[in-house]
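Chemist: Here is a sequence together with a model predicted from it:
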Amino acid sequence: MGQFDIDVQRVYEPLPGDDAKCFLVDRLWPRHVDWASAALRKWLHDGKDDATHWIAFVQRYKAELNANPEGWRSIVEASAARHVLLLYDAHDTQHNHVIVLRDYLLKQRRYV
């Protein structure tokens, strides 16, 4: 498989001019799959400022991703052919599900 980038960007920023394949990965819009269960996302926001809580969220979210490869596999496959951009709305650009998703997808490329 190719080594094209998988990047993240807030949906309000201008899109790059490189013909990236964009995926909306936020529950606020129609999306490719149901990213992070509603219960898990609510749980994250309930304890957002706690580092231990964030670590637990990452583990739980990865477990959800492991259980649902049909939801993310097409994104990994798209990254073999072109730049992929994951679009999201979260205000916190450091602690949100899309950061975890990007890192997860980059690691999964070697198995798909």
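Modeler: Thanks, I have the structure now.
Chemist: Touching, Leu101 and Asp26? I think so.
Modeler: No - in terms of C-beta atoms under 8 Å, Leu101 does not count as a neighbour of Asp26; the distance is 10.5 Å. (C-beta placed from N, C-alpha, C; glycine too.)
Chemist: For these two, indicate the residue with more neighbours.
Modeler: The neighbour comparison of Leu101 against Asp26 (other C-beta atoms under 10 Å) goes to Leu101, with 23 against 20.
Chemist: what's the distance between the more buried one and Gly17?
Modeler: 24 Å (C-beta to C-beta, to the nearest Å).
Chemist: what is the mean pLDDT for stretch 77-96?
Modeler: Across stretch 77-96, pLDDT averages out at 89.
Chemist: what does that stretch rub up against?
Modeler: 1-2, 4-12, 15-16, 18-26, 28-29, 48, 54, 75, 97-99, 101-102, 105, 109, 112 (C-beta atoms under 8 Å, 6 or more residues apart in numbering).
Chemist: Buried ones among these?
Modeler: Buried residues within the contacts of stretch 77-96, counting neighbours by 16 or more other C-beta atoms under 10 Å: 4, 6, 8-9, 20, 22-26, 54, 75, 97-99, 101-102, 105, 109.
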